[in-house]
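>>> Curious how this folds, go ahead:
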Amino acid sequence: MGIRVECGILLFILGVSSLAWSSCAGGAVFDLAPRQSHDLSHLLQRARQGAREAQFQLGVAYEAGMGTEQNYTEAVRWYRAAADSGLPEAQNNLGSMYRRGLGVPQSDTEAMKWYLRAALEGHPAAQNNLGSLYRDGHGVQQDNERAIFWYRKAAAQEYGPAEANLGSMYEAGHGVASSAGEAMKWYRKAAKSGNAFAEFSLGMMHLRSGTAQDKKEALNWFRRAAEHGSAPAENQLGVAYENGEGVARDYDVAATWYRAAAQHGMDEARRNLSLLSAAIGRAHARTSTPTPSMASSGLVSEPPPTLPTH
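Sure, this is the predicted structure:
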């Protein structure tokens, strides 16, 4: 049974809003993950004999640091060997190494070349990556219509990141007429495969609708996205609990979600956590100091804390 390995390979970066978050997935599958030295030795032997699948798996092992120390230069070496033999998975991963400048000088032009080779072979991750290059104008002239073309190719294979990207294009009206209905349709398709960005985007669309029922639905999507590692979703849950939007106000739970998002690298969550902590501190200071008139009567005023909203 194959084991899917997350390799940190850049598949898409959604830049529709400041809350957009990148999502990466390697898409590489080992027959057996090379966790022990003899597994890697066997893989290396087959790779040296020219087996392109073994070359690809060895590249993944070096990139991910599985069974060996992480070594991007060696990863590129074995990806290239398999890519030159025509393996689409290796071509896509080699393109990703160029895109991120890992083990090779960063080059969007080279990334474009390798993504295109894999995309023409029908590889959905490469088709999605190619669409993102066209959307962002990296290594090629910016062209939303070409981006849509390649996203559709990958989405036709039920590739979640491409479905999410199509949703974002429809939501923003880039390369297609803006359509909330189409955006939600594609986000829902992507959400079926656990795509965190799609889940978060569905939450935001429901939140913007404004009804009480939509706010509850938004929280359901934020929770699902948070379970799949979405820092923006974790931050949004923090906002909801801090302000009592769709849930009972709970500053401790809000802080927990802000902290989780901050640990995932979201600066906005760090600021929210800092503001919340400061406001709670000020509120506690006010409630612990009696006013002169009340002190004389033995009474202490305990007003509810006033906290910032977002």
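
>>> check contacts around A226.
Neighbouring residues of A226 by CB atoms under 8 Å, 6 or more residues apart in numbering: A233, E234, L237, W257, A260. Quick note: C-beta positions are derived from backbone N, CA and C, even for glycine.

>>> Tell me, how many residues neighbour L219?
L219 has 21 neighbouring residues, counting by other CB atoms under 10 Å.

>>> so who does G246 touch?
A212, K215, K216, A218, L219, A240.

>>> does it sit in a helix, a strand or a coil?
Classification of G246 using DSSP: H, G, I helix; E, B strand; the rest coil returns coil.

>>> Would you list the phi and psi of it?
Dihedral pair for G246: phi 80, psi -10, per degrees, to the nearest 10.

>>> burial measure for the residue nearest to it when sequence neighbours are not counted, as a count.
Nearest residue to G246 in three dimensions, chain neighbours excluded: K215, at 3.8 Å (CB to CB, 6 or more residues apart in numbering). When neighbours are counted by other CB under 10 Å, K215 registers 17.

>>> Quick check: K215 touching M205?
No - with contact defined as CB atoms under 8 Å, K215 does not reach M205; the gap is 11.9 Å.

>>> buried residues in the top helix by length along the chain?
For the chain, the longest helix by residue count, based on DSSP state H, is helix 267-288. Neighbour-count burial for helix 267-288 flags E268, A269, R270, N272, L273, L276, A279, I280, A283 (criterion: 16 or more other CB atoms under 10 Å).

>>> which ones are touching the first one?
This points to E268. Shown in contact with E268 (CB under 8 Å, 6+ apart): N235, A261.

>>> and if we set it to 6 Å?
By CB atoms under 6 Å, 6 or more residues apart in numbering, the residues touching E268 are N235.

>>> now Y62
By CB under 6 Å, 6+ apart, the residues touching Y62 are N71, E74, A75.

>>> Tell me if I am right that it is in a strand.
No - counting by three-state DSSP, Y62 is not found in a strand; it is helix.

>>> Now the phi/psi pair for A218, please.
Per degrees, to the nearest 10, the residue geometry at A218, taken as phi and psi, is phi -60, psi -40.

>>> So it sits against R208, correct?
No - applying CB atoms under 6 Å as the test, A218 and R208 come out as separate, 8.6 Å apart.

>>> Looking at those two, which one has more neighbours?
Higher neighbour count among A218 and R208: A218, with 25 against 10, using other CB under 10 Å.

>>> With distance to L133 added, can I get the buried residues of helix 267-288 in a markdown table?
As requested, these are exported to a markdown table (distance: CB to CB, whole Å):
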| residue | distance to L133 |
| --- | --- |
| E268 | 27 |
| A269 | 30 |
| R270 | 31 |
| N272 | 33 |
| L273 | 36 |
| L276 | 39 |
| A279 | 44 |
| I280 | 46 |
| A283 | 50 |
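
>>> nearest to A183, of those?
E268 (23.1 Å; CB to CB).

>>> What pLDDT is listed against the closest one?
As predicted, E268 sits at a pLDDT of 97.

>>> do the same with I280
89.

>>> mind showing which ranges of the chain have poor pLDDT?
1-38, 288-310 (pLDDT under 70).

>>> What ranges does it have for its strands?
3-5, 10-13, 22-24, 28-30 (DSSP state E).

>>> show me what contacts the closest residue to A155 other than its chain neighbours?
With CB to CB, 6+ apart as the criterion, A155 has its nearest non-adjacent residue at 4.4 Å, and that residue is A162. A162 makes contact with N128, Y151, A154, A155, according to CB under 6 Å, 6+ apart.
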